[in-house]
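Asks: Here you go, sequence then predicted model.
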Amino acid sequence: MAKREIRIYPDDVLRQETIHVTEFAKGLHTLLDDMKETMYSAHGIGLAAPQIGELLRVTVIDVSEDGDDPLEFINPIITTKDGTVPSEEGCLSIPDFRETITRAECVTVDAQNRHGESFQVEADGLLAICLQHEIDHLDGVLFIDHLSRLKREIFKKKWGKRL
Ligand code: CO
């Protein structure tokens, strides 16, 4: 396993389209292991492949209390959404910025595991939020895209000062 560099906004790679995974072999397994190591070392609860510069539909998530229950999602898609809930979010690719957006409360996600086997998850709570955040990354969408217009202006001002 190897820790990889996390790409930081406004890196272009965070806005690009990702490719559907068709090979469930060693290359994918190495990527998944690298993503988990990178996520844990950054104290994150989710990481999507574009965040380490890989344009593949792959994400890892660990919302367990002890950070010892990693979940892997290959080619995930949200098939149902239900309810709405406020969600205070941050992102490893947008350091030092947290803001509240609106997410669906419950989601159903269809995905594949590292061996290409299909599975389905019905999620609520933090897992539902995290799945929406990470699957957004696979479509080049960042949580700041969900900010209200006013909050987005605040973000731009704050971020401008960092550059
Ligand atoms: Co993120």
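Replies: Alright, I've got the coordinates.
Asks: and the longest strand seen in the chain, how far out from the chain's middle?
Replies: Selection of the longest strand in the chain by residue count, based on DSSP state E, yields strand 71-91. Distance of strand 71-91 from its chain centroid, counting by CA atoms, centre = their mean, to the nearest Å, is 9 Å.
Asks: Which positions within it qualify as buried?
Replies: 71-76, 78, 87, 89, 91 (16 or more other CB atoms under 10 Å). Placement of C-beta: from N, CA and C, glycine included.
Asks: ok, now stretch 5-12?
Replies: Neighbour count says stretch 5-12 has 6-7, 9 buried, by 16+ other CB under 10 Å.
Asks: Can you get me the start-to-end distance on that stretch?
Replies: End-to-end distance for stretch 5-12: 15 Å, by CA to CA, to the nearest Å.
Asks: thinking again about what came up before, return the alpha-carbon coordinates of the longest strand of the chain using PDB.
Replies: C-alpha atoms of strand 71-91 as PDB (Å, rounded to 0.1, in the frame of the first residue of the first chain):
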ATOM      1  CA  LEU A  71     -16.300   0.000   2.600                       C
ATOM      2  CA  GLU A  72     -15.400  -0.200  -1.100                       C
ATOM      3  CA  PHE A  73     -17.700   0.900  -3.800                       C
ATOM      4  CA  ILE A  74     -16.900   0.300  -7.500                       C
ATOM      5  CA  ASN A  75     -19.300   1.900 -10.100                       C
ATOM      6  CA  PRO A  76     -21.700   3.100  -7.500                       C
ATOM      7  CA  ILE A  77     -25.000   4.700  -8.500                       C
ATOM      8  CA  ILE A  78     -27.800   6.200  -6.400                       C
ATOM      9  CA  THR A  79     -31.000   4.500  -7.400                       C
ATOM     10  CA  THR A  80     -33.400   6.000  -4.800                       C
ATOM     11  CA  LYS A  81     -33.400   9.100  -2.600                       C
ATOM     12  CA  ASP A  82     -35.800   9.900   0.200                       C
ATOM     13  CA  GLY A  83     -36.300  12.900   2.500                       C
ATOM     14  CA  THR A  84     -34.000  15.800   3.000                       C
ATOM     15  CA  VAL A  85     -31.600  16.600   5.900                       C
ATOM     16  CA  PRO A  86     -29.100  19.400   6.700                       C
ATOM     17  CA  SER A  87     -25.600  18.200   6.400                       C
ATOM     18  CA  GLU A  88     -22.400  20.000   7.700                       C
ATOM     19  CA  GLU A  89     -19.700  18.900   5.400                       C
ATOM     20  CA  GLY A  90     -16.000  19.300   4.600                       C
ATOM     21  CA  CYS A  91     -13.800  17.700   2.000                       C
END
